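J.: Build me a model:
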Amino acid sequence: MTVTYIFHSCYLLEFDGFSLIFDFYKDEKRGDGRFWINDYLLQKSDDLYVFCTHSHSDHFNPEILKWGAKKSNTKYIFSKEVMEKRETSVYRNIVFLDKLQVYEDSRLKVKAFGSTDAGGSFLVNVSGQRFFHAGDLNNWHWNEEVSKLEAAGYENSYLCQLELLAENVDQLYLAMVPIDPRLGKDYMRGAEQFVNRISTDYFLPMHFGENYEKANAFSRYAKLQNTKYLNVHKKGQSFEL
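T.: Below is the predicted model of the structure:
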């Protein structure tokens, strides 16, 4: 399989015969000058699964709802929160999942989990390999901006969501999780807690903006937990796994 970092929290996973794309924000150019989505992905004959964890504009771009008209073999899998916050009723072929609900077909099995912000997160099983896209699930402690009590509450909320995930999965092939430097000196805390609790083969960062160096600093900690951190250096970077 090939996994490509598009931008922000958007990753594209390509398998034989089908592709998954998560939380599309905006299109980016490939090395050949073409755009990843309009010039490449939507031109492929493979089936396409489009995931959206929540309705925030940096995770949900309404352009995705037009993709089905261009590519009839497109399936949408959204958090139920998207249905409540965005106008999607006129579009078909959308599955809305609430927390712990499941979608399954001949290719994959998807189970929705919670978040510490809007919407949820997705656990996807493809041929026995499990992939997790966290959406905005993170330890948003903001401990340099709020009281210790408030920060502890945010952290506890995250740990509860993480524990629920751990009760359902003991091993992940690939995890896509926020590492947001805006949180201050403890910005990697949520990612650290994630790999501490759930054995993860490969880890990719999200929600880091242009702060590649700070995101990639997590590689040292990941290695201690026998997790292979995939260093991201640019938009449109691909990895063969």
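
J.: contacts and neighbour counts: CA atoms only from here.
T.: Will do.

J.: any idea of the pLDDT on Asp136?
T.: Model confidence at Asp136, given as pLDDT, is 96.

J.: Hmm, it is touching Thr116, no?
T.: Yes: using C-alpha atoms under 8 Å, Asp136 is in contact with Thr116, at 6.7 Å.

J.: Below-threshold pLDDT in the chain: ranges please.
T.: 88-91 (pLDDT under 70).

J.: the strands in it, which residues?
T.: 2-7, 10-15, 18-22, 47-52, 74-79, 94-97, 102-104, 108-113, 121-126, 129-133, 171-178, 199-206, 228-229, 237-240 (DSSP state E).

J.: could those go into JSON lines alongside distance to Ser219 and mean neighbour count?
T.: Formatted as JSON lines, the strands of the chain follow (distance: least, C-alpha to C-alpha, whole Å; neighbours: other C-alpha atoms under 10 Å):
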{"stretch": "strand 2-7", "distance to Ser219": "17", "mean neighbour count": "21"}
{"stretch": "strand 10-15", "distance to Ser219": "19", "mean neighbour count": "20"}
{"stretch": "strand 18-22", "distance to Ser219": "23", "mean neighbour count": "20"}
{"stretch": "strand 47-52", "distance to Ser219": "27", "mean neighbour count": "22"}
{"stretch": "strand 74-79", "distance to Ser219": "30", "mean neighbour count": "22"}
{"stretch": "strand 94-97", "distance to Ser219": "32", "mean neighbour count": "19"}
{"stretch": "strand 102-104", "distance to Ser219": "32", "mean neighbour count": "14"}
{"stretch": "strand 108-113", "distance to Ser219": "25", "mean neighbour count": "21"}
{"stretch": "strand 121-126", "distance to Ser219": "23", "mean neighbour count": "22"}
{"stretch": "strand 129-133", "distance to Ser219": "18", "mean neighbour count": "21"}
{"stretch": "strand 171-178", "distance to Ser219": "13", "mean neighbour count": "21"}
{"stretch": "strand 199-206", "distance to Ser219": "9", "mean neighbour count": "21"}
{"stretch": "strand 228-229", "distance to Ser219": "5", "mean neighbour count": "20"}
{"stretch": "strand 237-240", "distance to Ser219": "16", "mean neighbour count": "14"}
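
J.: Any chance of those in a markdown table with distance to Asn38 as columns?
T.: What follows is these, written out as a markdown table (distance: least, C-alpha to C-alpha, whole Å):
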| stretch | distance to Asn38 |
| --- | --- |
| strand 2-7 | 13 |
| strand 10-15 | 13 |
| strand 18-22 | 13 |
| strand 47-52 | 13 |
| strand 74-79 | 14 |
| strand 94-97 | 20 |
| strand 102-104 | 27 |
| strand 108-113 | 25 |
| strand 121-126 | 25 |
| strand 129-133 | 23 |
| strand 171-178 | 23 |
| strand 199-206 | 22 |
| strand 228-229 | 29 |
| strand 237-240 | 17 |
